[in-house]
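[1] give me a 3D structure for the following:
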Amino acid sequence: LYLPAFYYPKDELLFNPAFGYDERFGYYFQTTTYLIGRKPLQDSDTSSDDDLAAGIFNFMRPSTLKEQKREGLVLHNLDENFKGDASSYLKFMADYYANLGFSTGLSGVYKPTSSDYISSIEAGAQLAFTNTVFYSGGKYTPYSSDGKIEKDKSNFLGVEAPFRYSGKLSASIKKPFSLSLSMPVYSDPFFTEDFEKRSEYLDWINFLLGQTKTDDSDTEDTSSQTSSFEWTANASYSVPLPNFVKPFISTLSITNLSADISFNSKSRTDSDFSSAAIDWRTYSPERSFFYPSQVVPFKIAAKIEGTIFKYPFEKVYEKFDPPSFPIELEIPEDLKSQKQKEANSQNSETKDGTQKKSEKEKDDALAFSIQELAPKPKENIIDVKGIEYKLGYSIVPQFTSQINYNSSDLLEPSDFEWGNFYSTYYQIKIPTTISSELGFRNPFVYSKNDFTFNPIYQTHPNLDGYTSESSKNSVKLSDYKAKKMDLVNDNTFSINPFAYSDVFKDSSIAWNSSIKIIKTEFIGDAEKPEWEYAVMKLTDEETVTSHTVSAKLVAKESDGFSQSLTLTSNLPPQLDEYTLNASFSFPYASLSAEVGIKQENEDTDNFIWNPFKQSATLKFFSGKLLFSESFNYEMEEKRSDSMKLSFSWNDFQLSYIMQYTTCYDFDSSEGWIAKEDKKFVPYTLSLAYSTSGKNFKYWKKRITWAPSLTAGIVYDCVRPTNSYFRFVPSLTFKIHEAFELSFSAETQNNVIFRYFQRFTKYDNVISGEENMFVDLWNSFAFWGDGQFYDSDQLNRRSSGFKLKTLKVSITRNLHDWDMTGSISFKPRLVTNGSGAKTYDYHPYITFAISWHPMPSFKTELIDEYGEWQLQ
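    Model prediction:
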C-alpha cells in the first residue's frame with residue numbers, strides 16, 4: 001500500500017475531511033477545501049461537559065497555527081508559528097449523508113487588515129439535494145411508509161426550486177460613511193438543523209469509540225431550527241463642515257439610516273399539503289415556510305447642533321515659528337553658577353588633545369543652565385475666568401415607517417403578496433432644543449436654561465387587515481394619544497461661593513426645575529379627535545414636574561479629613577419635602593446621617609417624618625480591625641426599624657442585628673406561632689471565622705501544605721430553635737509535580753439551643769443531651785452498653801453534631817500519567833420499595849488513571865454508593 005505522505009494527528013488533509021455517524025443522518029462524510037487562505041484556529045468549547053471531546057481536541061488539533069508545507073494531500077505543520085492572517089478565506093464545502101442526501105456550497109470572509117474603508121465582507125451559499133428522512137419502527141430511514149424516497153423541494157415567496165438552500169451576505173464599511181449589512185436567507189426553518197452541524201477535523205477516535213449521537217425518542221428537536229431571521233441595513237454619516245460655518249453649525253450628521261425586513265416561519269395548511277401522506281406531512285422540510293412579517297422601508301435620525309452666540313469670542317492665533325539661532329547661545333559669565341565656573345576652569349586646564357563634548361551633551365548642559373535661570377512657576381495657579389455666555393441649539397429629527405403583514409391568510413408560500421398590507425405606519429419626531437448657558441468665573445456662578453419643543457406625529461394610513469371598526473378605532477386612538485406638541489423648560493442655577501478655596505471648593509447652592517410650558521392632552525374620541533394644549537400653570541404639580549433647591553457645605557482639609565452638610569428642599573407646587581444629610585470622614589472613622597420631613601398630601605398641611613438613617617465605621621491597622629454600625633428609625637411611627645452592629649478583626653467577624661419583625665410564641669404541640677403585632681427585637685447574633693488562603697512551603701518550595709477553616713455560629717433570637725453551628729475544615733498536602741493529598745469535612749449542629757435552653761423561658765423545647773462537651777464526645781462514641789462497639793450507635797445518633805460530608809482525595813503524578821482517587825461520605829435520605837425512608841451511608845469512591853496528552857483517555861473505577869462501575 002502506497003501512501004504519499006505520513007499523516008500526523010495534528011496535520012491537516014487538503015480537503016479537511018470529517019466523518020461519523022448520526023442516528024438521523026446515518027453515516028456522513030464532510031469535506032472542506034480552502035481555495036483562498038487557510039483554516040482558522042478553532043478554539044475548544046470550554047463550557048462543554050464532554051471530557052472526551054475536550055481531550056480529543058487537545059490531542060488531535062493544534063493549539064497554535066503553524067506554517068504548513070503541502071506534501072500530496074497532506075498539509076504538514078512546521079515548527080515555525082504562522083505569522084500571516086487567517087481571518088480571510090474562501091472555502092468549498094461538499095457533504096454526503098447516507099439517509100439525507102448531499103450538499104455543496106461556498107463560503108468566504110474578507111477582513112482587510114490595512115483598509116481604511118472596508119471592515120469585513122462575508123458571503124456564502126449552500127445548496128442541498130436531499131430527501132425526506134422518516135422515523136418509523138424506532139429508527140430513521142429515507143423510505144416513506146409506501147417504500148418510496150421523497151425528494152425535497154423548496155418554495156421561498158412563491159419561487160420554487162428542486163433543492164434546499166441557504167445564503168448569507170454581510171458587510172461592514174467604515175468610510176466614506178459607516179454601513180453594516182446583513183442578509184441571511186433559508187429555504188426552510190430546518191436547514192440549519194440539518195446542515196450547520198459541520199466539522200473540519202477528523203474525529204476518527206470518537207467514531208471508533210462509538211461516541212455517536214442518538215435520539216432517545218422521536219420527539220422533534222427544535223433547538224437548532226431557525227424560526228425567524230432579518231435583513232438589516234444600517235448606515236450613519238457625519239458631514240465634514242468647513243471652518244467658516246463653525247461654530248454656527250458644529251455637528252451635522254445622519255446618526256441612523258436603516259431599513260429591515262423581518263421573516264417569520266409558519267406551518268403549511270393548504271389543501272395539497274393536507275391531502276398528502278401523514279408521514280410526509282410530519283417529517284418533510286416543506287411543512288413550514290418563511291414569510292415577511294414586518295418591513296421597515298425607511299428609518300432615519302439626524303442631528304444638527306451648533307452655537308448661535310458665544311462670549312467671549314474665540315481668538316484665532318496665527319502660527320508662529322520660533323527663530324533658529326545659527327550661533328550657539330552662551331550664558332554670560334556673570335550669570336553662571338559657581339559649579340559652572342568651576343567646570344569651565346577644569347576644562348581650561350586639560351590638554352589640547354582632549355576630545356570635545358558631543359552635541360547632545362552640549363544641549364543637555366545648555367538646557368540645564370537655562371532651567372536654572374528660568375523663574376520657578378507658582379503652584380496652585382487658577383485661571384480666573386470672567387463672564388461666559390453660550391447660546392446653542394440642537395435639532396434631532398426622526399422618521400420611522402413600518403409595514404405589517406398578516407399570516408392568517410397565508411396557507412402556502414405562494415400566497416404571499418408584497419402589496420397585501422395588514423397595516424402601514426409612520427411616525428415623525430423633531431425634538432428641538434435651545435440651550436442657554438451663563439457663567440461668571442465658572443464655577444463661581446453657573447446657569448443653564450433649556451427650552452425643548454418635541455412635536456410628535458403618528459398615524460396608520462392603511463388598516464386593511466383590521467376587519468372590525470372597534471379594532472380600527474383602537475389603533476386610531478393610540479395614534480391620536482401619541483400626537484404631541486409639548487414644550488418643556490429645564491433650568492439649573494448654581495453658586496459656588498468658595499470655588500477658589502482648596503478647602504471649601506465643593507460647596508454650592510443649586511436650584512433646579514422642570515416645567516411643561518405647553519402640555520398636549522387628547523380629549524376627543526376616534527370619530528371626533530380633539531386635543532387640548534394646556535399652558536403652564538406654575539401652581540400645578542403636573543406642570544412643574546420638578547422644583548428643588550439644595551445647599552451643600554463641604555470642607556476638605558486634607559487627605560482623610562472631610563465634612564459635608566447638604567440640605568435639599570422641594571419648592572412649590574411640589575409637595576414640601578426637606579432632607580438634611582450630614583457626613584464626616586476622618587482617617588480612621590466615618591459617620592453619616594440623614595433625616596427629612598415631607599408634606600403628607602396636597603389636601604393637608606400636615607408633615608410627616610422620613611426615616612432617620614445613620615451609619616458609622618471605624619478602621620484601624622490598615623482596615624484589619626473594623627467596626628461598622630447602621631441604624632434606621634421610623635420617626636413618624638416613633639419606632640426603630642433596623643440596627644446592625646458588626647465587628648471584624650483579621651479572620652473573625654461578630655455581627656448583631658435588631659429588626660422590626662414578626663415575633664413568635666412557642667407551643668409544644670404546634671411549634672412556633674406568629675403573633676399579630678410586630679416589634680423591634682434582637683434578630684440574629686452570629687460569630688464567624690474564615691481563614692484566608694495560607695500556604696506553607698518547605699524544602700525549596702517543593703513541599704506545600706495549606707490548612708483552611710471556615711466556622712460559624714448563628715443564634716436566632718426570634719426562633720431560637722433555628723440556631724445552628726457550622727464547622728468546615730480542610731487540609732491539602734502537596735509535593736511539587738509528584739503527589740497531592742487533600743482532606744475536607746463539614747459538620748453542622750442544628751440543635752445548639754438545647755445546650756442553654758434551661759437558662760431561657762423555653763425549657764425542654766429540644767430534647768437530648770444539654771451539655772455541649774458531652775454531646776460533642778458522644779459524636780465520637782462508637783461504644784456503649786458496656787461494649788467496645790455499639791451496633792445501634794445510640795450515643796452518636798443522639799448527638800447534635802452531624803457529619804454532613806467527608807472527603808479524601810489523592811493524586812499521584814506519573815510523568816505522562818496521573819493516578820487520581822477519592823472517597824467521600826455523605827448521608828443520603830433514600831426511599832426503599834415499601835416507601836420507608838432511611839439514611840444511606842455508602843461511600844462514593846472513584847479511582848482513575850489518565851494520560852496527560854489526552855485526559856479523556858482514562859480508565860475510571862467508580863463505586864457509586866455500593867454499585868461498582870467501570871468506565
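
[2] okay, CA-based contacts and neighbour counts for the rest of this
    Will do.

[3] what residues are up against the nearest residue to residue 647 once chain neighbours are set aside?
    Spatial nearest neighbour of residue 647, chain neighbours left out: residue 627 (4.6 Å); criterion: C-alpha to C-alpha, 6 or more residues apart in numbering. Residues in contact with residue 627 (C-alpha atoms under 8 Å, 6 or more residues apart in numbering) are 617, 618, 619, 645, 646, 647, 648.

[4] same check, this time on residue 556
    502, 503, 504, 562, 563.

[5] please redo it, this time with the cut-off set to 7 Å
    Shown in contact with residue 556 (C-alpha atoms under 7 Å, 6 or more residues apart in numbering): 503, 504, 562, 563.

[6] how far away is residue 723 from residue 751?
    Here residue 723 is placed at a distance of 7 Å from residue 751 (C-alpha to C-alpha, to the nearest Å).

[7] for residue 686, that is, sorry about that
    According to C-alpha to C-alpha, residue 686 and residue 751 sit 15 Å apart.

[8] what does residue 644 give?
    As for residue 644, its distance to residue 751 is 25 Å (criterion: C-alpha to C-alpha).

[9] and residue 514, what's its pLDDT?
    In this prediction, residue 514 carries a pLDDT score of 96.

[10] again with the one 10 residues further on
    Reading off the per-residue confidence, residue 524 sits at a pLDDT of 90.

[11] dihedrals phi and psi, residue 721?
    The phi/psi pair for residue 721 (degrees, to the nearest 10) reads phi -70, psi -10.

[12] find the nearest non-adjacent residue to it, please.
    For residue 721, ignoring the flanking residues on the chain, the nearest one in space by C-alpha to C-alpha, 6+ apart is residue 753 at 5.7 Å.

[13] how many neighbours does that neighbour have?
    When counting by other C-alpha atoms under 10 Å, one arrives at 23 neighbours for residue 753.

[14] confirm that it sits in a helix.
    Yes: assessed with DSSP: H, G, I helix; E, B strand; the rest coil, residue 753 lies in a helix.

[15] what residues does it make contact with?
    By C-alpha under 7 Å, 6+ apart, the contact list for residue 753 reads 720, 721, 723.

[16] how many residues are close by the second one?
    By that I understand residue 721. Using other C-alpha under 10 Å, residue 721 has 20 other residues around it.

[17] beta partners for residue 304?
    On the basis of DSSP bridges, residue 304 is bridged to residue 252, residue 395.

[18] could you report the pLDDT at it?
    97.

[19] ok, it to residue 498 distance?
    37 Å.

[20] so where's the stretch 651-800 of the chain uncertain?
    693, 783-793 (pLDDT under 70).

[21] next one: the stretch 1-150 of the chain
    1-10, 42-63.

[22] the stretch 351-500 of the chain too?
    Those would be 351-384, if you go by pLDDT under 70 across the stretch 351-500 of the chain.

[23] what are the ranges of the strands in it?
    Under the criterion DSSP state E, counting those that start in this stretch, the stretch 351-500 of the chain carries strands at the ranges 387-395, 398-404, 423-429, 432-440, 445-462, 484-495.

[24] which parts of the stretch 551-700 of the chain are strands?
    Under DSSP E, counting those that start in this stretch, the stretch 551-700 of the chain gives strands at 561-570, 577-585, 589-599, 607-609, 612-620, 625-634, 639-649, 652-667, 671-690, 696-698.

[25] would you say residue 192 is within a strand?
    No: under three-state DSSP, residue 192 sits outside any strand and is assigned helix.

[26] helix or strand for residue 808, which one?
    Residue 808 belongs to strand 802-814 when assigned by DSSP states H and E.

[27] state the mean pLDDT of that strand.
    What strand 802-814 shows for mean pLDDT is 85.

[28] who does that strand touch, helix- and strand-wise?
    Packing contacts for strand 802-814, counted by 3 or more C-alpha pairs under 7 Å, 6 or more residues apart in numbering; DSSP states H and E, involve strand 739-749, strand 817-825.

[29] try it again with 10 Å
    strand 724-735, strand 739-749, strand 817-825, strand 844-851 (3 or more C-alpha pairs under 10 Å, 6 or more residues apart in numbering; DSSP states H and E).

[30] parallel or antiparallel, which strands does the shortest one pair with?
    Each strand pairing with strand 844-851, determined using DSSP bridges, is listed with its direction: strand 817-825 (antiparallel), strand 854-864 (antiparallel).

[31] buried residues in the first one, which are they?
    For strand 817-825, a neighbour-count test (16 or more other C-alpha atoms under 10 Å) marks 817, 818, 819, 820, 821, 822, 823, 824, 825 as buried.

[32] could you tell me how many residues sit around the nearest residue to residue 12 once chain neighbours are set aside?
    Of all residues beyond its chain neighbours, the one nearest residue 12 is residue 75 (5.1 Å), with distances taken as C-alpha to C-alpha, 6+ apart. By the criterion of other C-alpha under 10 Å, residue 75 has 21 neighbours.

[33] report the beta-bridge partners for residue 75.
    residue 12, residue 70.

[34] my read: it touches residue 11, true?
    Yes: using C-alpha atoms under 10 Å as the test, residue 75 is close enough to residue 11 to be in contact (6.0 Å).

[35] what's the overlap in contacts for the two?
    By C-alpha atoms under 10 Å, 6 or more residues apart in numbering, residue 75 and residue 11 have these common neighbours: 68, 69.
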